[in-house]
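Undergrad: Please find the sequence and the predicted model below.
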Amino acid sequence: MSFRHFLFIFITAALTFIPSFLAQSVDVSSSCPLNFTILRPLYSDPSRSRPECHSLLQGLRLLLSDYLRRTGYFLPPLNSSDSCWQSYQSLLPNFNIRSSCGFQTDWNSQACMNITTRADFEALIPNTTLNDIVSSCNQSLQGSGCASCTRTLTDLQTLYFTPDNSTANVSGCTAYPSIYAAAVANHLGPTDEGTASCIFSVQVGDNGSIKGKSSKSGLILGVVIGVAVGLVVLIGGSWFVYRKHQDSKRKKGRDRIRSLEMGSLSGSGLASFSESTHMIKFTFDDIKEATRNFSRDNIIGKGGYGNVYKGYLPDGSEVAFKRFKNCSAAGDANFTHEVEVIASVRHVNLVALRGYCTATPTTPLEGHQRIIVCDLMTNGSLYDHLFGSMERRLSWPVRQKIALGTARGLAYLHYGAQPAIIHRDIKASNILLDEKFEAKVADFGLAKFTPEGMTHLSTRVAGTMGYVAPEYALYGQLTERSDVYSFGVVLLEMLSGKKALTTSDENQPSLVADWAWSLVRDGRALDVIEDGMPELGPPEILEKYVLIAVLCSHPELLCRPTMDQVVKILETDISVPSIPERPIPLVAHISDIERSVSSNGSSQLSSSAGYRTFTYESTPHSSSKEEGISSGFFE
C-alpha cells in the first residue's frame, strides 16, 4: 500500500470518527438539534455574574447561526422547542431563563416573513446585496474588520426587515441578517472567536476556543488535538509556515486595532455598551501617527469647531478624524457618553462612528484633546458639489437620491433612535456622500438628546446662519421641526444651486427660503430649479420637491411637516399640503410689504405649467395649521 493510499484512508477514518465520537459525547437532548456545547464554557464557572437576557438571546442566535450553517435551516422544528429550552436551562440551573426573560416557547418563525431556509433568505435579498455581505463579512472579524461587516448588516436590516420590538421572539426579523452572515457569508463560521464577538457580542471560550472543563471534554480535546497534529505533520508543516508568513503583515494591523478596542468582553459573554457599538478608544499618539502629526496636507475640512483630517488606520482603512478645539477635561464624561449614544445609532443614511479620543495635553501648546473618528466619504460633502470646485454638476437623479437619503436619515434620528436625537446643524457641508452618492448625515457635534421628544428650551443657540430655524434663533425653542426647517433650506440649495444666505450688491441679506417662496407665491415654482441642471426630471416631480422644500422652510414651526411625513410625501404620490402664507421677512423689500398689506383671506395658486393647484392662507390659526399637517394627507 502506497503512502498516498494510507494517508487517504487515515484522513477518511479520522473525519468519520471525530464527528461520531463528538456526537456521542454531547450531553444534550437528542431531540434538540442545536449544539449547546458551544455555550457550555460561558456558564461553567459558578463565580461568574448573573447572565443578562440580552446576552442569553444573542447566545441563542449564535446557536441558530451554527444550525443554519449545518442544515440550511434558520430554525429547528417547532416540536423541538421544549427540548431546546430544557437544554439551555440545564446550563443555568439557578436562573429560570423563560420566566425571567419572557422568552416564548415556540420559535415563532411566521413572524419573520416566512423565511425558514437559506434559499428563502437569498430569494428575498438581491444578489448585489448578498455580495456586499460576503465582501464585508468574509474575513476575520477581530478588530477593524468588524465595523465594516456590522455596517453592512445594519444597512440590510434597515432596507429589508421590519424592526422587531419583542425581545421574547428569539428569531426576531432583525436578527436574520446577522444569523445568515455568520453562518454563510463568513467562511470561519459563527463559532469563530472574532465572528461570535463581533456579530453576537458573545465570547465563545476563555481563550476564544470552544472548550469545556470536564474530564470528558478534555479527552475529546486531546483526541482532536492528537489527530489534528498528525494531519498537520503528514500534510506538511511547510505550507502552514508559508501561509503564516504571508498573513503576518495583515495580522499586525488587525491586532493593533484590536488592542485599541474599548474594554474586553466579560467572562460571561456579556457585552458592555461600548462593545455592542464596537467603539474604539484611540490614543492620541495613534491618531498623530495616522494623520502624520496632523499635517496640513491631511486637512480635508475646517470649521468653527476645529479641523477634519484624513488618515489611515493600521489595517490600511482610510478614515476621517474630527479634532475639536477649545476643550477641557471637565466635559469628557458627557462627551464620551454622547459619542457612545451616537455610535449606537446605525442607519444607511448616517455616518458611522469608528471611535474617539480624549487626552490631556503633554505640552502647554497642545491643549486638551477631543477627537472623533468616522468613515471617510470618498465623494466629499454636498456643499463641495453645489458650491465647491467640483467640475461636474450633480444631475437631478443624484440630487433626488441625496434629498431622499437625507430625509430618511433625519427621520431615523427623530423617530428611530432611542433617545431621539435633534441634529441642530443640518447644512450642505454636513451631508456627506459615499462612492455611490448615498447621503450620510454627519457631524453630531451639536446634537441634542430628547428622551421624551419634548420641546427643548436653550439659552445657548448653536447652528449655522441661514439654516437655523427662526423660533430657535430668536427664542431658543428647539424641537424636531427645527431640523425640518434646516432640511428645507438644504433642499432648496440642491434645487436652486443658491446658498442659504446671500448678500446683494447693496449689502442686503437674502434667504433662499424667502426667495423661493416669492416665486412659488407667484405661480413660478419651476423657476426655483437651477438653470442647466443635468438630466432634469419630470416637471411635476420637480415642482413637488420645490413645494415640500418651501413648506419645510416655513418660518412658523407648526406649519412644517415632520420628517417622517416628509419621507412619506417624497416616496409616494401624496400631494404636498397647503402652504400657509409666510410673515414678512425681517429684512423685506417694499413690494413684499405692499403685497402683504393688500392680501386678504385665502388665495388659489397654480404653477405656471399648471401641474399642481394649492392654496395659501394669509391669516392661519395655529390650531388649524397643526391639524392640516397631521391629518388627511398622511393617513
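TA: Cool, the structure landed. Numbers count the residues shown, from 1 in each chain.
Undergrad: Name the spans of the stretch 151-300 of the chain whose pLDDT lies under the cut-off.
TA: For the stretch 151-300 of the chain, residues meeting the criterion pLDDT under 70 lie at 162-172, 204-278.
Undergrad: The same query, at a cut-off of 80, please.
TA: 155, 157-174, 203-279 (pLDDT under 80).
Undergrad: Kindly state the domain boundaries assigned to this protein.
TA: 34-200, 280-375, 382-630 (automatic domain parsing).
Undergrad: Skipping adjacent residues, who's closest to I280 in space?
TA: In space, I280 comes closest to G355 once its chain neighbours are excluded; the distance is 3.4 Å by Cβ to Cβ, 6 or more residues apart in numbering. Any C-beta I mention is one placed from the backbone N, CA and C, and that applies to glycine too.
Undergrad: Can you show me the CA trace of the host helix or strand of that neighbour as CSV?
TA: If you go by DSSP states H and E, G355 is part of strand 353-359. Output of strand 353-359 as CSV, limited to C-alpha atoms (Å, rounded to 0.1, in the frame of the first residue of the first chain):
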residue,chain,number,x,y,z
LEU,A,353,-18.5,56.5,14.0
ARG,A,354,-15.4,54.3,14.4
GLY,A,355,-14.1,55.6,17.7
TYR,A,356,-13.0,58.6,19.6
CYS,A,357,-10.1,60.0,21.7
THR,A,358,-9.9,62.2,24.8
ALA,A,359,-6.4,63.1,26.0
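Undergrad: how deep is the residue nearest to I280 tucked in, by neighbour count?
TA: 28 (other Cβ atoms under 10 Å).
Undergrad: is it true that it touches D286?
TA: No. Checked against Cβ atoms under 8 Å, the pair G355 and D286 is beyond contact range at 9.7 Å.
Undergrad: coming back round to it: now do the residue nearest to I280, the pLDDT please.
TA: At G355, the model reports a pLDDT of 89.
Undergrad: re the thing from before, what's in contact with the strand holding G355?
TA: With Cβ atoms under 8 Å, 6 or more residues apart in numbering as the test, strand 353-359 has contacts from 144, 147, 260, 262, 279-284, 286-287, 313, 319, 329, 332, 335-336, 339, 342-343, 368-375.
Undergrad: who does it pair up with?
TA: Strand 353-359 has the following sheet partners, assigned by DSSP bridges: strand 280-281 (parallel), strand 369-375 (antiparallel).
Undergrad: closest to M390 out of those?
TA: M390 lies closest to strand 369-375 among the strands paired with strand 353-359, at 20.3 Å (Cβ to Cβ).
Undergrad: Just the buried residues of the closest one, please?
TA: Buried residues in strand 369-375, counting neighbours by 16 or more other Cβ atoms under 10 Å, are found at Q369, R370, I371, I372, V373, C374, D375.
Undergrad: Pick the one among those residues closest to T152.
TA: D375 (12.2 Å).
Undergrad: In contact with that closest one: list those residues for me.
TA: Taking Cβ under 8 Å, 6+ apart, one finds R151, V319, A320, V351, A352, R354 in contact with D375.
Undergrad: Quick check, pLDDT for it.
TA: 87.
Undergrad: what sits opposite it in the beta ladder?
TA: What pairs with D375, by the bridge criterion (DSSP bridges), is V319.
Undergrad: Ok, G303 next?
TA: G306.
Undergrad: For it, report the pLDDT, please.
TA: pLDDT, read off for G303, is 75.
Undergrad: What is the burial count for it?
TA: By other Cβ under 10 Å, neighbour count at G303 equals 16.
Undergrad: Check G189 too.
TA: 15.
Undergrad: Name the SS class of the residue nearest to it when sequence neighbours are not counted, please.
TA: Excluding its sequence neighbours, the residue lying closest to G189 (Cβ to Cβ, 6+ apart) is R69, at 5.7 Å. Classification of R69 using DSSP: H, G, I helix; E, B strand; the rest coil returns helix.
Undergrad: give the contact list for R69.
TA: Here R69 is in contact with A182, A183, V184, G189, P190 (Cβ under 8 Å, 6+ apart).
Undergrad: Where neighbours are concerned, which of those residues has the most?
TA: Most neighbours among these, by other Cβ under 10 Å: A182, with 30 neighbours.
Undergrad: these two touch, right, that residue and F200?
TA: Yes. Look at A182 against F200 with Cβ under 8 Å: they come within range, at 7.1 Å.
Undergrad: what's the nearest residue to L433 if we skip its chain neighbours?
TA: The nearest residue in space to L433 (Cβ to Cβ, 6+ apart) is N379, at 3.8 Å.
Undergrad: wait, what's in contact with the one you found?
TA: Per Cβ under 8 Å, 6+ apart, neighbours of N379: H385, L432, L433, D434, E435, F437.
Undergrad: next one: P76
TA: C32, P33, L34, Y67, C84, W107.
Undergrad: Closest one to M390 out of those residues, please.
TA: Y67 (50.2 Å).
Undergrad: dump the residue contacts of that closest one.
TA: Y67 neighbours (Cβ under 8 Å, 6+ apart): P33, L34, N35, Y73, F74, L75, P76.
Undergrad: Look up how far L153 lies from it.
TA: 19 Å (Cβ to Cβ, to the nearest Å).
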